[in-house]
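Student: Have a look; sequence and predicted model below, questions after that.
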Amino acid sequence: MKKILITGGAGYIGGYLTDLLVAQKFDVTVYDNLFFETRYLKEVKFINGDITDYNLLNKTLENDYDVIIWLAAVVGDGACSANPEFTLNTNFESIKNLLKNYTKKIIFMSTCSVYGHSTSELNEESEKKPLSLYAKSKIFSEDILVKASNENCVFRLGTLFGLGDSVSRIRLDLVVNILSMKAAIGEKLKVFGGEQWRPLLHVRDVSEAIVFAIKNNIKGTYNLCYKNYKMRSLGEKIIKIFNKDDLELEITDNFFEDERNYRVSSEKFRSCGWAPKYDLTYGIKQIRNIVEENRIKDLNDKIYSNANFTKELYK
């Protein structure tokens, strides 16, 4: 039985991943500082710790884990810009410490944001053009992880959507989830630009890919996405699924604060035998159902936004 440590395992990705690994009889330990949470109730070994608390983390690493899945990070452009020093300490310096104290397999979550802006479909060898501290911090970490060992696995994730498990924090700051939420409450769907591309990926498929990588000892760097969508097409898809006469899609000429525009190929990882299980319609309906059934007390609560929650801490 493989021993697995998941840093950030109480988060948006980690919730479903933990359930999936436990169900498949892996020996799982979750290491998380509960940054967005007030409690952790899953029946799994748990360590309440920060990845920048090197005394606690390095002592934890002495437990001889076969695989470390590194989810812990400051995620998103807005959250990372709130406190650059905190971001670099969390997203990069912690990886430098990890590599000094652990020599087995690491599965690391990066982002397709490393590509920034491009007019062509991108593969893993394409030029990286980071437009944010978030993307830069991930590139820094990718570089040293790949150099440290050819056993390590890096996933560059597309823009996530949908719900993972039934208890972990919901994110309403991701484009599919935002637009689906607005459609569910009858608001106009505003899309800035409209022609820019995003690679989309259901949050559960991240976990499916990680488990696949563990079972098949996958190594190297991989783009991970379900499909590429233009923002305009995404808005139109959501309106079609909701099928409400009064729903409107508004396209503006402004790109707002986000200049990213990229579409990626995930053929490299698919050629290993993996394929996504959860499509866009499924994720949209997940958000529609929880909103329409009033399962969220306050849709505007900062807890559902990485950027808003983090910026509030550093006012």
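Tutor: In hand now; what should we look at?
Student: where does this protein have low pLDDT?
Tutor: 254-259 (pLDDT under 70).
Student: Break it down into its structural domains.
Tutor: Here the domain parsing of the chain from automatic domain parsing is 3-160+200-224, 171-199+227-262+278-313.
Student: how distant is the last one from the center of its chain?
Tutor: On the basis of C-alpha atoms, centre = their mean, to the nearest Å, domain 171-199+227-262+278-313 sits 16 Å off its chain's mean C-alpha point.
Student: And it, end to end?
Tutor: The first and last residues of domain 171-199+227-262+278-313 sit 18 Å apart, counting by C-alpha to C-alpha, to the nearest Å.
Student: before we move on, what about stretch 177-190?
Tutor: End-to-end for stretch 177-190, by C-alpha to C-alpha: 13 Å.
Student: So for that stretch, what gets flagged as buried?
Tutor: Of the residues in stretch 177-190, N177, I178, L179, S180, M181, K182, A183, A184, L189 count as buried by neighbour count, 16 or more other C-beta atoms under 10 Å. C-betas here are computed from N, CA, C, even on glycine.
Student: which among those gets closest to I210?
Tutor: Using C-beta to C-beta, N177 comes nearest to I210 of those, at 20.9 Å.
Student: Confirm that the closest one sits in a helix.
Tutor: Yes: the assignment for N177 is a helix, going by DSSP: H, G, I helix; E, B strand; the rest coil.
Student: Tell me who's in contact with it.
Tutor: Counting by C-beta atoms under 8 Å, 6 or more residues apart in numbering, N177 touches F161, G162, I170, R171, G283, I287.
Student: same question, L201
Tutor: L157, G158, T159, L160, F161, L224, C225, Y226, P276.
Student: rerun that using 10 Å as the cut-off
Tutor: Neighbouring residues of L201 by C-beta atoms under 10 Å, 6 or more residues apart in numbering: 112, 155, 157-162, 176, 209, 223-227, 266, 276, 278, 280, 283.
Student: are any of these buried, and which?
Tutor: Buried subset of the contacts of L201 (neighbour count, 16+ other C-beta under 10 Å): 112, 155, 157-162, 176, 209, 223-226, 266, 276, 278, 280, 283.
Student: Can you check which helix is longest in the chain?
Tutor: As assigned by DSSP state H, the longest helix anywhere in the chain is helix 133-148.
Student: Show me what the next helix-or-strand element following that helix is packed against.
Tutor: Toward the C-terminal end, the helix or strand that comes next after helix 133-148 (DSSP states H and E) is strand 153-157. For strand 153-157, the elements it packs on are strand 67-70, strand 105-111, helix 133-148, strand 197-202, helix 203-215, strand 220-224, helix 267-270, judged by 3 or more C-beta pairs under 10 Å, 6 or more residues apart in numbering; DSSP states H and E.
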